[in-house]
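Undergrad: Here you go, sequence then predicted model.
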Amino acid sequence: MARVLKELIVDELKNEFAGVDTAVLVSFEGIDNENNLKLRVDLREKGVRLRLVSNRLARLSLQGTHLAPLFDGLVGSTAVVYGAEGTDPVSVPKAICPWEKKAKGLNLKIGVMDGRIIGPEEIQRISTLPSRDELLAQIAGALVSPLASIASALVSPLQDIVGLLESLHKKKEEEGGQ
């Protein structure tokens, strides 16, 4: 490959990976075209991108970033799976992990999340976590539940009093009617 072309690719990779906080590297050898297409469509629908890269060019383009250590000592065909800027960090592992079982030849290598390097086992564990939106919904539910219990507890005596007053009223009517 011509030097000028390599420099253009390195610049493109620098721009593409700028601002990426979460990324997972996967081996990408032996995946058939059908699974490759399905994988890319599925990832795109989830807001996650996949980029097949040369380990050497990726090392050059990522020098000085928190993604640089990911490519140290890597061999073989590598694809970078990453989310667009501002996406939920859990979305990347959630999107790629199911494909490790579906697509023969796709294996988790290593990842980075919030500047911390993580291994394949940790990537799998992270993929089982709820997303940010699900966690927020759980927190909201946990906050609302005690408030609903308090409101119910406050309303319950009032309902009891109303019930007692109604039965007293009926009793008085029955006594007055006889």
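TA: Now that the structure is in, tell me what you want to look at.
Undergrad: Packing partners of the helix or strand bottoming out on mean pLDDT in the chain?
TA: In the chain, the helix or strand scored least confidently by mean pLDDT, DSSP states H and E is helix 132-177, which has a mean of 75. Here helix 132-177 touches no other helix or strand, going by 3 or more CB pairs under 8 Å, 6 or more residues apart in numbering; DSSP states H and E. For every residue, glycine as well, the C-beta is placed using N, CA and C.
Undergrad: Next one, pLDDT for the residue nearest to residue 66 when sequence neighbours are not counted please.
TA: Excluding the flanking residues, the one nearest residue 66 by CB to CB, 6 or more residues apart in numbering is residue 115, at 4.6 Å. You'll see residue 115 listed with a pLDDT of 79.
Undergrad: surely residue 94 meets residue 130?
TA: No: judged on CB atoms under 8 Å, residue 94 makes no contact with residue 130 at a distance of 9.4 Å.
Undergrad: out of those two, which sits in the more crowded spot?
TA: Neighbour totals were compared for residue 94 and residue 130, and residue 94 leads with 18 against 13 (other CB atoms under 10 Å).
Undergrad: Show the contacting residues for that one.
TA: Applying CB atoms under 8 Å, 6 or more residues apart in numbering to residue 94 gives the contacts 46, 127, 131.
Undergrad: let's see it at 7 Å
TA: Residue 94 makes contact with 127, 131 under the criterion CB atoms under 7 Å, 6 or more residues apart in numbering.
Undergrad: And the least confident helix or strand of the chain, how far out from the chain middle?
TA: Chain-centre distance of helix 132-177: 39 Å, with CA atoms, centre = their mean, to the nearest Å.
Undergrad: Check the gap between the residue nearest to residue 66 and residue 81 for me.
TA: 17 Å (CB to CB, to the nearest Å).
Undergrad: Looking at those two now, which is surrounded by more residues?
TA: Shown here are residue 115 and residue 81; by other CB under 10 Å, residue 81 has more neighbours (26 against 11).
Undergrad: Am I right that that one falls within a strand?
TA: Yes: counting by DSSP: H, G, I helix; E, B strand; the rest coil, residue 81 is part of a strand.
Undergrad: what about it, distance to residue 138?
TA: Distance from residue 81 to residue 138, by CB to CB: 26 Å.
Undergrad: same thing with residue 130?
TA: Per CB to CB, residue 130 is found 7 Å from residue 138.
Undergrad: Same check on residue 62?
TA: In terms of CB to CB, residue 62 sits 35 Å off from residue 138.
Undergrad: and the two? which has more neighbours close in?
TA: residue 62 (23 against 11).
Undergrad: Good, wrapping up.
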